[in-house]
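Trainee: Got a sequence here, can you build the structure:
(one chain, ligands or ions: 2)
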Amino acid sequence: MKILAIETSCDETGVVVLEGAGDVTNASFKILGNALLSQADLHAPYGGVFPNLAKREHQANLVPLTVQALTQAGLYVDEEGITPSQEEALSGIKDVAFRGSIQELLYTIQAPKIDMIAVTHGPGLEPALWTGISFASVLGSAWGIPVMGIDHMEGHIISGLLEPTGNDYELRVPKLPLLSLLISGGHTEFVYMDEWFAYERIGETKDDAVGEAFDKVARLLNLAYPGGPHIAALAARSRSRGKNDIVFPRPMANDASCDFSFSGLKTAVLYKLQKMDKISEEDKEHIAHAFEDAVRDVLILKTRRALSERDVGCLVLGGGVSANDVVRRGVVDLVQNEFTDIPVYMPDKTLTGDNAIMIGAAAYLRASSGRKPNGPLVATGSLRLS
Ligand code: KG4
Ligand code: ZN
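Mentor: Ligands and ions are numbered 1, 2, ... in the order given. Sure thing, here's the model as predicted:
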């Protein structure tokens with residue numbers, strides 16, 4: 001089964017053509033075409049993602065990235081003309097330039113031989129989500145291909161289950177129940193999956209997401225957006241020197257739940273900076289180090305709690321912050337020392353951030369389990385796995 005997958009929930013535009021085989025017991029995914037464009041540099045001056053700018057960029061990039069992915073996949077077959085029903089499918093697109101570019105795409109390409117279009121329908125920034133959904137819906141109706149909406153966080157869970165095999169992937173077949181720790185710019189949560197596609201949230205952040213905390217602390221230290229990698233690089237320099245006298249609190253460490261809180265940690269960094277008269281590069285490195293340690297410790301002690309409280313067959317990490325080496329090492333150490341019979345799966349570094357591969361893989365696993373695309377697609381910024 002060939003799937004065209006589209007991801008536009010935040011500041012990456014991703015378009016992928018993948019071919020899935022097998023099912024949840026043995027699936028594999030061939031990446032036939034892959035086009036990904038990050039807008040991070042454009043949002044950097046705002047210190048975060050600016051929704052209407054994200055939407056405009058997705059509108060400008062979706063058609064060229066789709067042409068690129070379909071061409072790589074050998075599915076771009078020239079045509080000259082557009083049918084009345086294709087013309088009608090376009091009428092739902094309000095933005096004139098966006099409609100024009102999709103019209104040109106439909107005019108020049110034959111309906112590709114794909115079986116399904118998958119698109120992220122939430123959670124995320126609604127103007128950004130709508131762009132991907134409108135695009136997917138027009139292509140779906142113009143080409144007569146079903147469109148399946150996929151939850152972005154389900155994608156992040158699946159990303160942890162993809163074992164790279166060269167350019168392709170094999171499913172790391174999870175022993176259920178699966179516990180996922182999802183750590184991204186918008187989310188910090190434990191999601192428990194007892195059976196495929198049935199989710200229970202057993203803990204989440206009460207305020208900022210962990211990636212958001214990285215981004216806010218980065219801003220306090222005058223580092224560019226997205227802050228995670230910059231903080232990690234500074235922290236590594238402090239770590240290599242060894243000694244660090246700065247210690248930040250571990251918020252909610254003694255709380256009996258699997259919930260998190262990160263806004264107090266960001267405030268602790270702010271107070272620390274306010275108390276220092278001159279901040280050297282070395283001070284910044286120590287602060288980044290102490291902040292990263294605090295984040296890691298909280299993530300680890302809450303993961304210990306979740307693993308102790310629940311029957312868990314495997315632990316899966318997902319989301320942008322799962323790229324962080326200190327967090328990855330902390331999780332591996334925890335499991336190797338205390339939960340030796342629980343395998344832990346982490347996304348390949350190329351799949352920690354937002355991408356369309358995880359969306360296409362999730363759609364394939366759903367389709368191969370007999371799930372059909374359901375109902376009209378609506379962008380839901382606060383969509384929650386259930
Ligand atoms: O999953 P993602 O790409 O987008 C969302 O769905 O939110 O996550 C983005 C977040 C940003 O907050 C970014 O600062 C953080 O992931 N991030 C990191 C690292 N790389 C990205 N945080 C800590 N360490 C990293 N190496
Ligand atoms: Zn994400």
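Trainee: so does stretch 210-227 get close to ligand 1?
Mentor: Yes - on the criterion Cβ under 6 Å from any ligand atom, stretch 210-227 is in touch with ligand 1 at G211, F214, D215, P226, G227. Where C-beta positions appear, they are placed from N, C-alpha and C, glycine not excepted.
Trainee: Name the residues of that stretch that come out as buried.
Mentor: 210-218, 220-221, 223-227 (16 or more other Cβ atoms under 10 Å).
Trainee: same deal with stretch 33-44?
Mentor: G33, N34, A35, L36, L37, S38, Q39, H43.
Trainee: quick one: average confidence on it?
Mentor: Confidence for stretch 33-44, expressed as mean pLDDT, is 95.
Trainee: first vs last residue of it, how far apart are they?
Mentor: Start and end residues of stretch 33-44 are separated by 28 Å (Cα to Cα, to the nearest Å).
Trainee: Excluding its own residues, what touches it? List them.
Mentor: 11-17, 49-50, 53-54, 57, 61, 64-66, 68-73, 75, 224-226, 353, 355-357 (Cβ atoms under 8 Å, 6 or more residues apart in numbering).
Trainee: could you show me where the strands are in the stretch 51-200 of the chain, in order?
Mentor: In the stretch 51-200 of the chain, the strands defined using DSSP state E, counting those that start in this stretch lie at 116-122, 147-151, 162-165, 168-171, 178-183, 188-195, 198-204.
Trainee: interface residues of the stretch 151-300 of the chain facing ligand 2?
Mentor: S184 (Cβ under 5 Å from the ion).
Trainee: Tell me the spacing between the nearest residue to G160 once chain neighbours are set aside and ligand 2.
Mentor: Counting by Cβ to Cβ, 6 or more residues apart in numbering, V316 is the residue found nearest to G160 once chain neighbours are left out, at 3.9 Å. Here V316 is placed at a distance of 14 Å from ligand 2 (Cβ to the ion, to the nearest Å).
Trainee: residue contacts, V316?
Mentor: I157, G160, L161, P174, L178, L179, S180, L181, V344, Y345, M346.
Trainee: So it, which state does it fall into?
Mentor: With DSSP: H, G, I helix; E, B strand; the rest coil as the basis, V316 sits in strand.
Trainee: One more: D23?
Mentor: Judged by three-state DSSP, the three-state class of D23 is coil.
Trainee: and it, how far is that from A367?
Mentor: Per Cβ to Cβ, to the nearest Å, D23 is found 10 Å from A367.
Trainee: For the two, work out which one has more neighbours and name it.
Mentor: Using other Cβ atoms under 10 Å, the more surrounded residue of D23 and A367 is A367, with 20 against 16.
Trainee: Quick one: mean pLDDT for whichever strand or helix holds the more buried one?
Mentor: Using DSSP states H and E, A367 maps to helix 357-368. The average pLDDT within helix 357-368 is 98.
Trainee: what packs against it?
Mentor: strand 2-7, strand 12-21, strand 28-38, strand 116-122, strand 147-151, helix 152-159, strand 162-165, strand 168-171 (3 or more Cβ pairs under 8 Å, 6 or more residues apart in numbering; DSSP states H and E).
Trainee: tell me the angle of that helix relative to strand 2-7?
Mentor: Taking axes from the mean of the first three to the mean of the last three Cα atoms, to 10 degrees, one finds that helix 357-368 is oriented at 130 degrees with respect to strand 2-7.
Trainee: and the residue nearest to G160, what are its bridge partners?
Mentor: For V316, the beta-bridge partners are S180, Y345 (DSSP bridges).
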